[in-house]
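Novice: what's the 3D shape of this:
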Amino acid sequence: MRPPAQGVAGALRVLVLAPSRRVTTETFVRANLQRLPFDLVACFGDELPWRQPLRLAYGLAILLSKCLTRIGLLRLATLPASLVAWLLIRRHRPAVVMVEFGFHAVRVMEAAAWSGVPLVVHFRGSDASADRRVGLLRQRYRRLMELVAGVIVKSEPMRRVLLDLGAPAKELIVSPSGADERLFHGADPAAAPPRFLAVGRFVAKKGPLHTIRAFERMLRALPGPLAARCSLVMVGQGPLRGEACRLVEALGLDGVVTLVGPCSQQEVADRMRGARAFVQHSLVAPDGDSEGSPVAVMEAQLSGLPVVATLHGGIPEVVEEGVTGFLRPEGDVDAMAEAMARFAVDPSLAAQLGKAGRRRALGRFTVRHHLEQVTALLHRVARPCQH
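Specialist: Prediction:
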C-alpha cells in the first residue's frame, strides 16, 4: 500500500465515518466537516448512493451490522463494515480515520488493525453512558480501546468511563463541542421580559417534564402581576413531546408555555436574544443515558444568558454556580423553580450572570476551541509520513 496522500494543498487527509448525515440534532458533526482544516473524506451509514459503489457498500454493511447486533452476534457484527472501511482506507489513503460515536466505531474498528492507520473515536453522550450502548457493548468497547490512537469525550465523567474501559490516558481529551461564536451573541437579559427558554430534544435525559413542572411551581411562588408576565418557550422535538403537551394542558399553562418544535440554529440564536434566562433539567435517564456537555447550554452562555441547570454530566464544567448561573440537584423541581424565580424577580442579576457566562464561554467553550483541540489531536496521532 502506498503512503497516504497529503490531499488538497498539503492538508492532512482524514477519513470520517459517521452513522448519519441527516439527523438534525447532530450539528457538531457538520461543524467538524465544515471547519476542520483537513482534506476530509466523509462516509455516512444511512446513505445508499447507487452510483458510488464503495459508499453504497458501506451503507449496506452498516445495515447488516445493525441486524447482527440486534440478534446478539456482536463479534460478527464488526466484520461487514470493517471490511468496507478497510477498502475505503485503501481507496482514499488517509493519515487518520475519525469515527463519530463509540457504537459506530465498534462496527468499523477492525479496519484500523488491518490497515495500520490511526483510529480516533469521538464519543458524544449516550454512547458512553446508556445501558443499550455501554451495557451491551462493554466487551466490544474494550477491544476498541486496544485499537484506538486517540479518544475525544465531552466531559470528565465520560473520560472516567472510557478510562475504566481501557482508553489510552495520554491521548484521551475532554473537549466539549462548543457553541458557534458567529451565531450566538447579543442577548440582553435585563431588557428582556421574564421569558425562559429551553432547547433540546424531548427525551428523558433532557428532563423536559421537570422543566415544565419547575416553571409552574415558580409561577405559583411569584406575585400575581409578575407571574402573569412570565413565559416558557421550549424548542425541540422527540418522543416526550406529546406527554409534554398534555402536561402543559393539565397544569393550565396553555398560552404560557409554548412548544415551538424544532428550529434552525439561527432561529435558536434569535430566540436566545429575546430571553431572560436559559433552563435545562438534565438528568440520568432510566436506561442510564446521560449528557456529555450539552451544546445548548454553551450556546446560551455564549449568547449572554444566565443558565439554570442541574448538577449532571459535564454541565458543572461549563456553568459556574452563582457566577454564570445556578445548578440544582437532578430531580429537584422545587430547587429549580426557586432558581428560576431569582431571575424572574431580578433582571439585573440575570444580566450580571449572563455577562459572566459569555466571558466564560468565549474563553473556553466555542466551536473554535473544540476544533483546535481536535486538530491538535489528529496531528499528534497521524502517521509520521504526514508531517
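Novice: okay, now the unreliable bits of this structure?
Specialist: The model of the chain has pLDDT under 70 over residues 1-10, 22-32, 125-136, 384-387.
Novice: domains in it, as residue ranges please.
Specialist: Domain assignment of the chain by automatic domain parsing yields the ranges 8-178+367-386, 195-364.
Novice: start and end of the last one, how far apart?
Specialist: From the first residue to the last, domain 195-364 extends over 27 Å; the measure is Cα to Cα, to the nearest Å.
Novice: stretch 104-112 too?
Specialist: 14 Å.
Novice: JSON lines please, covering the domains of the chain and showing mean neighbour count.
Specialist: Backbone N, C-alpha and C define where each C-beta goes, glycine included. Output for those, formatted as JSON lines (neighbours: other Cβ atoms under 10 Å):
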{"stretch": "domain 8-178+367-386", "mean neighbour count": "19"}
{"stretch": "domain 195-364", "mean neighbour count": "20"}
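Novice: what's the closest of those to Phe184?
Specialist: Among the domains of the chain, the nearest to Phe184 by Cβ to Cβ is domain 195-364 (4.2 Å).
Novice: quick one, strands of the stretch 101-250 of the chain?
Specialist: 119-122, 150-153, 172-174, 195-199, 231-235 (DSSP state E, counting those that start in this stretch).
Novice: starting at the chain centroid, how far to the last one?
Specialist: Using Cα atoms, centre = their mean, to the nearest Å, the mean C-alpha position of strand 231-235 is found 21 Å from that of the whole chain.
Novice: please apply the same query to the second one.
Specialist: Here strand 150-153 is found 14 Å from its chain centre; the criterion is Cα atoms, centre = their mean.
Novice: for stretch 142-152, measure first residue to last.
Specialist: 16 Å.
Novice: offset the numbering so it begins at 46, please.
Specialist: With 46 as the first residue, the last one maps to stretch 187-197.
Novice: what does it contact?
Specialist: The contact list for stretch 187-197 (Cβ atoms under 8 Å, 6 or more residues apart in numbering) reads 141, 147, 150-151, 154-155, 157-158, 163-168, 207, 210-213, 216-218, 220, 418-419, 422-423, 425-426.
Novice: can you list the domains of the chain in TSV and add distance to Pro234?
Specialist: Shown next, in TSV, are those (distance: least, Cβ to Cβ, whole Å):
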stretch	distance to Pro234
domain 53-223+412-431	22
domain 240-409	4
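Novice: out of those domains, flag the one nearest Gly231.
Specialist: It's domain 240-409; of the domains of the chain, that one is closest to Gly231 (Cβ to Cβ) at 4.8 Å.
Novice: residues touching Arg274, list them.
Specialist: Contacts of Arg274 by Cβ under 8 Å, 6+ apart are 238-239.
Novice: which SS class is Leu304?
Specialist: Secondary structure, DSSP: H, G, I helix; E, B strand; the rest coil: Leu304 is strand.
Novice: before we move on, back to that, the domains of the chain: which one's closest to Ala232?
Specialist: Nearest to Ala232 among the domains of the chain is domain 240-409; the distance by Cβ to Cβ comes to 3.8 Å.
Novice: what distance separates that closest one from the centre of its chain?
Specialist: Worked out by Cα atoms, centre = their mean, domain 240-409 lies 17 Å from the chain centre.
Novice: let me see the ranges of the helices in the stretch 196-345 of the chain.
Specialist: 201-209, 253-266, 269-274, 286-295, 310-317, 340-348 (DSSP state H, counting those that start in this stretch).
Novice: any chance of those in a markdown table, plus distance to Pro392?
Specialist: Below are these laid out as a markdown table (distance: least, Cβ to Cβ, whole Å):
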| stretch | distance to Pro392 |
| --- | --- |
| helix 201-209 | 33 |
| helix 253-266 | 15 |
| helix 269-274 | 11 |
| helix 286-295 | 25 |
| helix 310-317 | 16 |
| helix 340-348 | 16 |
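Novice: His326: which of those is closest?
Specialist: Of those, nearest to His326 by Cβ to Cβ is helix 253-266, at 3.9 Å.
Novice: so which other helices or strands are in contact with the closest one?
Specialist: strand 240-244, strand 276-280, helix 286-295, strand 322-324, helix 378-390 (3 or more Cβ pairs under 8 Å, 6 or more residues apart in numbering; DSSP states H and E).
Novice: could you export those as TSV, including distance to Ser309?
Specialist: Listed next are these as TSV, based on distance: least, Cβ to Cβ, whole Å:
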stretch	distance to Ser309
strand 240-244	12
strand 276-280	10
helix 286-295	18
strand 322-324	18
helix 378-390	26
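Novice: Pro339 is nearest to which of the ones you listed?
Specialist: Taking those one by one with Cβ to Cβ, strand 240-244 is closest: 8.9 Å.
Novice: from the contact counts, what lies against the closest one?
Specialist: Using 3+ Cβ pairs under 8 Å, 6+ apart, strand 240-244 is in contact with helix 253-266, strand 276-280, helix 310-317, strand 322-324, helix 340-348.
Novice: mind listing what it pairs with, with the direction of each?
Specialist: Applying DSSP bridges, strand 240-244 is found paired with strand 276-280 (parallel), strand 322-324 (parallel).
Novice: run the angle between it and strand 302-306 for me.
Specialist: 40 degrees (axes from the mean of the first three to the mean of the last three Cα atoms, to 10 degrees).
Novice: for His230, find the nearest of the domains of the chain.
Specialist: domain 240-409 (6.2 Å).
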